[in-house]
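1. show me how the following folds:
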Amino acid sequence: MQIREILKEIKYEIADKCFKADMDEAFQMGIREGARFAAQKITFQLDLQSEKIIMTKTEKKGYLKAVEVAKEQRQIVKAETGALL
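-> Next comes the predicted model:
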C-alpha cells in the first residue's frame, strides 16, 4: 500500500469514529427524503396522466387498479422509511 492510500484509510477511520452518528442520521434523512420525493412524483404523474389520456373502460379499470396499488405501496414505504408522505 502506498502512503497516500494508508492516509486515506486513516482519514476515513477517524471520520467514522468522530461523526458516525451524524453520518447515520444524514443517511437516514436521505433515504426518507428520497422516498418522499419519489412517491410524490409518481402520485403527481399518475393524477396528471389520468386527465390527459383517453382510455377504454378496461384500460380505465387497469389504470385505477395501478393507482390503488401505488397508494398501498406508498403506505408501505412510509412505514419502512418514516418518510412524511
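2. next secondary structure after the top helix by length along the chain?
-> When the chain is parsed with DSSP state H, its longest helix is helix 3-52. Proceeding N to C from helix 3-52, the next assigned helix or strand is helix 57-81, under DSSP states H and E.
3. ok, and what's touching that next one?
-> Residues outside helix 57-81 that contact it (Cβ atoms under 8 Å, 6 or more residues apart in numbering): Ile31, Arg32, Ala35, Ala39, Ile42, Thr43, Leu46, Ser50, Met55, Ala83, Leu84, Leu85. (Glycine included, C-beta is placed from N, CA and C.)
4. can you say which of these are buried?
-> Neighbour counting by 16 or more other Cβ atoms under 10 Å classes Arg32, Ala35, Ala39, Ala83, Leu85 among the contacts of helix 57-81 as buried.
5. one step back: as a markdown table, the contacts of helix 57-81 with distance to Leu7 would be great.
-> Below are the contacts of helix 57-81 laid out as a markdown table (distance: Cβ to Cβ, whole Å):
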| residue | distance to Leu7 |
| --- | --- |
| Ile31 | 31 |
| Arg32 | 34 |
| Ala35 | 36 |
| Ala39 | 42 |
| Ile42 | 44 |
| Thr43 | 47 |
| Leu46 | 50 |
| Ser50 | 56 |
| Met55 | 61 |
| Ala83 | 38 |
| Leu84 | 41 |
| Leu85 | 43 |
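6. contacts for stretch 23-43?
-> Contacts for stretch 23-43 (Cβ under 8 Å, 6+ apart): Ala15, Asp16, Ala70, Lys71, Arg74, Val77, Lys78, Thr81, Gly82, Ala83, Leu84, Leu85.
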